[in-house]
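# the sequence and its predicted three-dimensional model are supplied below.
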Amino acid sequence: MPIGIVIAVAVVLIVVAAVISHFLTVSNLKNNAESKIGNAEARAREIIDDAVKTAEAKKKESLLEIKEESIKNKNELEKETKERRSELQRYEKRVLSKEENVEKKADALEKKEADVKLSVLNGEWKIKEVNGEAIPSGMEKQPFIAFDVKKKTIHGNAGCNLINGGFETSTSNAKSISFPGVASTMMACPDMETEGTVLKAINEVKSFDVLSGGGIGLYDANGALVIVLEK
């Protein structure tokens, strides 16, 4: 074989080998690059997944903290509300207690005032006038009324027969007085007219007052003077 052909064949083989070597090198580089890219993508996905998981965990943690804070604030508010409600109830009880004490004191003062005013009635009183007319003098049995304020009873004489009974008062009016259950004996006398007038007037009495002359006036429901009493 001529040397020229040998040389040509050798050159061709060298070129082919170089091409094949280049191709293999490029292929290996490409495969390595693709492998690295794949690894990088996988790593990137892992990083993203971890970041998402971390974000979700932090979100849950934040929500839990917010919920716990909300529950804490709610409990504190409920506690404060209960304390204020209890304090308000205690205050209301104190106010009610004071009101009751004031009412009791007022009732006691009214009763005391009424007792003081009633006390002027105590003892025996002559019936001097009935419905504006003087009781005749010189009667065998002069009409009178005797009060026992402590026992709230009366006794006396209507001009002929004895009278006995009790009297009633009102806490709303210190000068209120009435004689709902007065009884009398049943003796007959020559002059029963005066006694009838006295008994009728006693049944009409609804209040009393001290007269300017020092006696006691007994008044009917219309405020008219029906009986004048004097010591």
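On my side now, so go ahead.

# from here on, just use CA atoms for contacts and neighbour counts.
Will do.

# report pLDDT for the spatially most central residue of the chain.
Centrality entry for the chain: nearest residue to the mean C-alpha point is E92, 6.2 Å, by CA atoms, centre = their mean. The model reports E92 with a pLDDT of 85.

# would you mind finding the longest helix in the chain?
Assignment by DSSP state H gives helix 3-118 as the longest helix of the chain.

# for S86, see how far away the residue nearest to the centre of the chain is.
Distance of E92 to S86, computed by CA to CA, to the nearest Å: 10 Å.

# what do you get for A188?
Distance check for A188 against S86: by CA to CA, it reads 75 Å.

# so what's the backbone phi/psi at the closest residue to V182 other than its chain neighbours?
Among residues not flanking V182 along the chain, G165 sits closest, at 4.4 Å (CA to CA, 6 or more residues apart in numbering). Backbone torsions of G165, given as degrees, to the nearest 10, read phi 160, psi -170.

# any idea what G165 is bridged to?
Judged by DSSP bridges, the bridge partners of G165 are I154.

# that one and G181 touch, don't they?
Yes: using CA atoms under 8 Å, G165 makes contact with G181 at a distance of 5.7 Å.

# who's more crowded, the two?
More neighbours surround G165 than the other of G165 and G181, with 15 against 11 (other CA atoms under 10 Å).

# give the contact list for that one.
G165 makes contact with T153, I154, H155, F179, G181, V182, A183, according to CA atoms under 8 Å, 6 or more residues apart in numbering.

# and if we set it to 7 Å?
Listed by CA atoms under 7 Å, 6 or more residues apart in numbering, the contact partners of G165 are T153, I154, H155, G181, V182, A183.

# will you turn the residues you listed into CSV that also has distance to L229?
Formatted as CSV, those follow (distance: CA to CA, whole Å):
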residue, distance to L229
T153, 17
I154, 14
H155, 14
G181, 20
V182, 17
A183, 20
